[in-house]
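Undergrad: Test case, fold it:
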Amino acid sequence: GSPPPPPCHSEPFVVSTPPLLDDAAPLSGPTSGKTSVTLTGTLFPSPLPSTAPIVCKFGTTLSTTYASPDGAVVCASPPSDDASTLPLSVSFNDGLDFSNEIDFKSYLPS
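TA: Modelled structure (predicted):
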């Protein structure tokens, strides 16, 4: 019997920790969209990336997003056809990895 082959050594596998979305304000907006929603969370990159795009997702719709001067993340809610609850999440690497989701409610303007 020959000895077993030595174990294979490879580079350690690094997992980037996704951001944790804690809150958004406001948590609702009219179905016409364009509500500026400010996101707060844990493990958000600091400072916020100026190169890799920040992306918000309302349901399946990707949204215009920017970092405000005070370091907050602001997303514009998309227009929707009817009142609904959309899962809102954020990505700091151009949509490769998204955070957990919180509910954003769109309502019909009165």
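
Undergrad: C-alpha from now on. contacts and neighbour counts both.
TA: Noted.

Undergrad: any idea which helix or strand of this structure has the worst average confidence?
TA: strand 65-67 (a mean of 86; mean pLDDT, DSSP states H and E).

Undergrad: Quickly run through the sheet partners of the following helix or strand past that one, with directions.
TA: Going down the chain from strand 65-67, the next helix or strand is strand 73-76, by DSSP states H and E. Sheet pairing of strand 73-76 (DSSP bridges) gives strand 36-42 (antiparallel), strand 65-67 (antiparallel).

Undergrad: In terms of mean pLDDT, which of these ranks lowest?
TA: The minimum mean pLDDT among the strands paired with strand 73-76 belongs to strand 65-67 (a mean of 86).

Undergrad: contacts for that strand?
TA: Residues outside strand 65-67 that contact it (Cα atoms under 8 Å, 6 or more residues apart in numbering): Leu48, Ile54, Val55, Cys56, Val73, Val74, Cys75, Ala76.

Undergrad: Highest neighbour count among these?
TA: Of all those, the highest neighbour tally under other Cα atoms under 10 Å goes to Cys56, namely 29 neighbours.

Undergrad: partner residues bridging that residue?
TA: Here Cys56, judged by DSSP bridges, has bridge partners Ser63, Val90.

Undergrad: so who does it touch?
TA: By Cα under 8 Å, 6+ apart, the contact set of Cys56 is Leu62, Ser63, Thr64, Thr65, Cys75, Leu88, Ser89, Val90, Ser91.

Undergrad: What count of nearby residues applies to Cys92?
TA: In this structure residue 92 is Phe, not Cys. Applying other Cα under 10 Å, we find 22 residues neighbouring Phe92.

Undergrad: OK, contacts around it?
TA: Counted by Cα under 8 Å, 6+ apart, Phe92 has contacts Pro45, Pro49, Ala52, Pro53, Ile54, Val55, Phe98.

Undergrad: From those residues, pick the one nearest Pro26.
TA: Of all the contacts of Phe92, Val55 has the smallest distance to Pro26: 17.8 Å, by Cα to Cα.

Undergrad: quick one: contacts for the closest one?
TA: With Cα under 8 Å, 6+ apart, Val55 has these contacts: Leu62, Ser63, Thr64, Thr65, Val90, Ser91, Phe92, Asn93, Asp94, Gly95.
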